[in-house]
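> Structure of the sequence below:
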Amino acid sequence: MTRSIVAEKLHAYARLIRLDKPIGTLLLLWPTLWALWLAAGGVPGVHVLAVFMAGTLLMRSAGCAVNDFADRDVDPHVARTRERPLAARRIRSREALGLAVLLSLLAFALVLTLDTLTIALSFPALFLAVSYPFTKRFFAMPQAYLGIAFGFGIPMGYAAVLGRVPAEAWLLLLANVLWTIAYDTEYAMVDREDDRKIGIRTSAILFGRLDVAAVMLCHAAFLAILLWIGLARGLAWPFHAGLLMAAGFVGHQYVLIRHREPAACFRAFLGNSRVGAAVFVGLAVALQLPA
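Next up, the predicted model:
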């Protein structure tokens, strides 16, 4: 291969695993960080934190490769995705699968440095990540499945820090499922017409004209669960300030999605990283203060 061909191939691989679009990694990372800080009651150990941050990037990247493999015959018919490397035939299916396997093995190698329970939980986490892209063929609301897949770092985080998974972890996972349904419905509202034509199932299609109300209801329930956790933990005022700021960001999303314009819905989706960041900053500061 010439240098230019190698460079083009590497660029295609980078686009396949969305290195140019960090929003997915951030939406996967924030709940994991919430779990690690709550489990540790403050800053977690450096090793555990490094493993989960690197693992988040690796598994999100692997998931993108599997997703594009699953959608390789669908993406060419959707305006927003037709230029993805696999859809545009810039790389082959076996290359995408090979990259997904390599990234997954690297993530598993990191997990092997942790405790037995965390290692055991990594197997259902891998299954969820790999199987999610195929749920769009038969499950009316794949966003709920994605919420479990994106949030499985929560029980793994508690296990890595505490050696067990308390009820709080599953409650936090439920909150993440609701948040994921909210933001991924906003994302699905962008492609709703294309998805309907090609037979892909999404929550945006399932909710129909109730889509905006459903998004806001899921956001409200997500924030309510976080508030309950904060009150049960007796967290100091910065946590509640963070939730209030997150609620403000959610309010802005309503303004963006209420007319269902695809470009505005996509901006609302992107804004969810600020929601996750606001919760994390409030939590991290609160845990450094007396209740």
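> tell me which helix or strand of the protein sits lowest on mean pLDDT?
Using mean pLDDT, DSSP states H and E, helix 192-198 stands out as the lowest-scoring helix or strand of the chain, at a mean of 80.
> Now do the buried residues in it.
Judged by neighbour count using 16 or more other CB atoms under 10 Å, the buried positions of helix 192-198 are 192, 194-195. Glycine gets a C-beta too; all of them are placed from N, C-alpha and C.
> Can you spell out which helices and strands pack onto that helix?
Counting contacts by 3 or more CB pairs under 8 Å, 6 or more residues apart in numbering; DSSP states H and E, helix 192-198 packs against helix 203-207.
> How about the contacts made by residue 286?
230, 235-239, 242 (CB atoms under 8 Å, 6 or more residues apart in numbering).
> shaky segments in this protein?
Residue ranges of the chain with pLDDT under 70: 1, 3, 291.
> can you rerun that using 90?
Across the chain, residues meeting the criterion (pLDDT under 90) sit at 1-13, 19-20, 67-91, 133-141, 191-202, 204, 289-291.
> Residue 140 contacts residue 206, correct?
Yes: the pair residue 140 and residue 206 passes the contact test of CB atoms under 8 Å, sitting 5.0 Å apart.
> Which stretches in the stretch 51-200 of the chain count as strands?
For the stretch 51-200 of the chain, applying DSSP state E, counting those that start in this stretch gives no strands.
> which stretches of it form helices?
93-111, 116-135, 142-151, 153-162, 167-190, 192-198 (DSSP state H, counting those that start in this stretch).
> buried sites along the first one?
To tie it back to what came earlier, the one meant is helix 93-111. Counting neighbours by 16+ other CB under 10 Å, helix 93-111 gives 95-96, 99-100, 103-104, 106-108, 110-111 as buried.
> And the third one, by the same measure?
Taking 16+ other CB under 10 Å as the neighbour-count basis, helix 142-151 is seen to contain the buried residues 142-151.
> still on that earlier bit, among the helices of the stretch 51-200 of the chain, which comes closest to residue 278?
Closest to residue 278 of the helices of the stretch 51-200 of the chain, according to CB to CB: helix 167-190, at 12.3 Å.
> Mind giving me the packing neighbours of that closest one?
Judged by 3+ CB pairs under 8 Å, 6+ apart, helix 167-190 is in contact with helix 23-40, helix 142-151, helix 153-162, helix 203-207, helix 211-233, helix 237-257, helix 262-270, helix 272-286.
> Just give the nearest non-adjacent residue to residue 117, would you?
Excluding the flanking residues, the one nearest residue 117 by CB to CB, 6 or more residues apart in numbering is residue 159, at 4.3 Å.
> Which residues are in contact with the one you found?
Contacts of residue 159 by CB under 8 Å, 6+ apart are 115, 117-118, 121, 165.
> Please give me every residue in contact with the closest residue in space to residue 176 that isn't next to it in sequence.
In space, and not counting its chain neighbours, residue 176 is closest to residue 151: 3.5 Å by CB to CB, 6+ apart. Shown in contact with residue 151 (CB under 8 Å, 6+ apart): 31, 172-173, 176-177, 180.
> One more: residue 70?
Neighbour list for residue 70: 133-134, 136 [criterion: CB under 8 Å, 6+ apart].
> Ok, residue 241 next?
residue 282.
> Closest to residue 155 out of the contacts of residue 151?
Among those, and counting by CB to CB, the member closest to residue 155 is residue 173, at 6.5 Å.
> Drop anything exposed from the contacts of residue 286.
If we count by 16+ other CB under 10 Å, those have these buried: 230, 235-236, 238-239, 242.
> In CSV, list those residues along with distance to residue 202.
Below are the buried ones among the contacts of residue 286 laid out as CSV (distance: CB to CB, whole Å):
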residue, distance to residue 202
230, 32
235, 35
236, 39
238, 36
239, 33
242, 30
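> Looking at these, spot the one nearest residue 272.
Residue 272 lies nearest to residue 242 out of the buried ones among the contacts of residue 286, by CB to CB, at 14.5 Å.
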